[in-house]
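Asker: the following block contains a protein sequence and its predicted model.
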Amino acid sequence: MTASPGQQVAPGNPARLLIADDDALVRAGLVSILSSDPSLRVAAEAGDGHQALAVARSHRLDLALLDIRMPRLDGLRTLEQLGRQLPQLPVAMLTTFADEDYIAEAAGLGAMGFLLKSDAPRDLITAARAIAAGGAAFSPRVARWLVRAEAAARLNRSRTAREAVADLAPRHRQILAVLATGASNAEIARALHLSEGTVKQYLKSLFDRLNVTNRVQAAILAHEAGLTDQTRTSP
């Protein structure tokens, strides 16, 4: 019996795949490549996102491979809907270098892999097997792009956080630094020789200044700004 979506494929049973791509020739090529491995079975095909959703709901699948660019409903919106309707079904995106603008969005929507259509057949098979078994897989070129994109995003977040913290009054900076260690209001009060009521007032003002809604967001910002690496100064 084939595993239900999200469960590990039983030994000896091929992983059941859905391939969704609006280009019939590309789809046929992918079917041929992936079907050549006995551990994989293409159970269904789709030419657009709407078809992919219908097929995914009516078949027991272990992996959905979605082209990012499809008519009527593209791969990103299909991924988004599959995440709501079949959250245990692993989804990987079929991409080209022209799709770089969409890769980060797909990662944020929960894609478990990114496969370039130009990858070698063995690489496509290895990746599909890994994702169907509950792992993740990225084409080496896509992985390098994701690393660069994340590094750039991290640098931008750090710069923004440092600018926000730089505008804070010294006392606000001190409270933020202690808060970022996971300290409670009482612990912040003891560390800075303040009353808990005063700490609460400072935190409300601090959250407003940083445009955050809770202490977790404030702590993340403090870490991104490098504030937790600095020693506490006197009031």
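Answerer: Ah, there it is.
Asker: count the neighbours of Arg41 for me.
Answerer: Arg41 is flanked by 15 other residues according to other Cβ atoms under 10 Å. Every residue, glycine included, has its C-beta placed from N, CA and C.
Asker: wait, a helix at it?
Answerer: No - using DSSP: H, G, I helix; E, B strand; the rest coil, the assignment for Arg41 is strand, not a helix.
Asker: contact partners of the helix or strand bottoming out on mean pLDDT in the chain?
Answerer: None of the helices or strands of the chain scores lower by mean pLDDT, DSSP states H and E than helix 100-108, at a mean of 79. Helix 100-108 has contacts (Cβ atoms under 8 Å, 6 or more residues apart in numbering) with Ile68, Gly75, Leu76, Leu79, Met93, Thr95, Phe114, Val142, Trp145, Leu146, Ala149.
Asker: and stretch 70-80, by the same measure?
Answerer: Outside stretch 70-80, the residues within contact range by Cβ under 8 Å, 6+ apart are 20-22, 47-50, 52-53, 66-69, 81, 91, 93-94, 102, 105-106, 109-111.
Asker: can you pull the buried residues of it?
Answerer: For stretch 70-80, a neighbour-count test (16 or more other Cβ atoms under 10 Å) marks Met70, Leu73, Asp74, Gly75, Leu76, Arg77, Thr78, Leu79, Glu80 as buried.
Asker: just to revisit the earlier point, out of the contacts of helix 100-108, list just those in helices.
Answerer: Per DSSP state H, helices hold the following members of the contacts of helix 100-108: Gly75, Leu76, Leu79, Val142, Trp145, Leu146, Ala149.
Asker: picking that back up, buried subset of the contacts of stretch 70-80?
Answerer: In those, burial by neighbour count holds for 20-22, 47-50, 52-53, 66-69, 81, 91, 93-94, 102, 106, 109, 111, counting by 16+ other Cβ under 10 Å.
Asker: so which of those residues are in strands?
Answerer: In this view, the buried ones among the contacts of stretch 70-80 that belong to strands under DSSP state E are Ala20, Leu66, Asp67, Val91, Met93, Leu94.
Asker: which one of the ones in helices among the contacts of helix 100-108 is nearest to Leu221?
Answerer: Of all the ones in helices among the contacts of helix 100-108, Leu221 sits closest to Ala149, with 20.8 Å by Cβ to Cβ.
Asker: now that closest one: closest residue in space, sequence neighbours ignored.
Answerer: The spatial neighbour of Ala149 that comes closest, neighbours along the chain excluded (Cβ to Cβ, 6 or more residues apart in numbering), is Ala104 at 5.5 Å.
Asker: what's the distance between the one you found and Ala111?
Answerer: Distance of Ala104 to Ala111, given as Cβ to Cβ, to the nearest Å: 10 Å.
Asker: Glu224 too?
Answerer: Per Cβ to Cβ, Glu224 is found 25 Å from Ala111.
Asker: Arg69 too?
Answerer: For Arg69 relative to Ala111 (Cβ to Cβ), the value is 14 Å.
Asker: mind listing the helices for the chain?
Answerer: Going by DSSP H, the chain shows helices at 24-35, 49-58, 75-85, 100-108, 121-132, 140-166, 170-179, 185-192, 196-210, 215-224.
Asker: can you lay out these as TSV showing distance to Pro14?
Answerer: Conversion of the helices of the chain to TSV gives the following (distance: least, Cβ to Cβ, whole Å):
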stretch	distance to Pro14
helix 24-35	9
helix 49-58	17
helix 75-85	21
helix 100-108	26
helix 121-132	9
helix 140-166	25
helix 170-179	52
helix 185-192	56
helix 196-210	52
helix 215-224	43
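Asker: ok, which of those helices comes nearest Ala15?
Answerer: helix 121-132 (3.6 Å).
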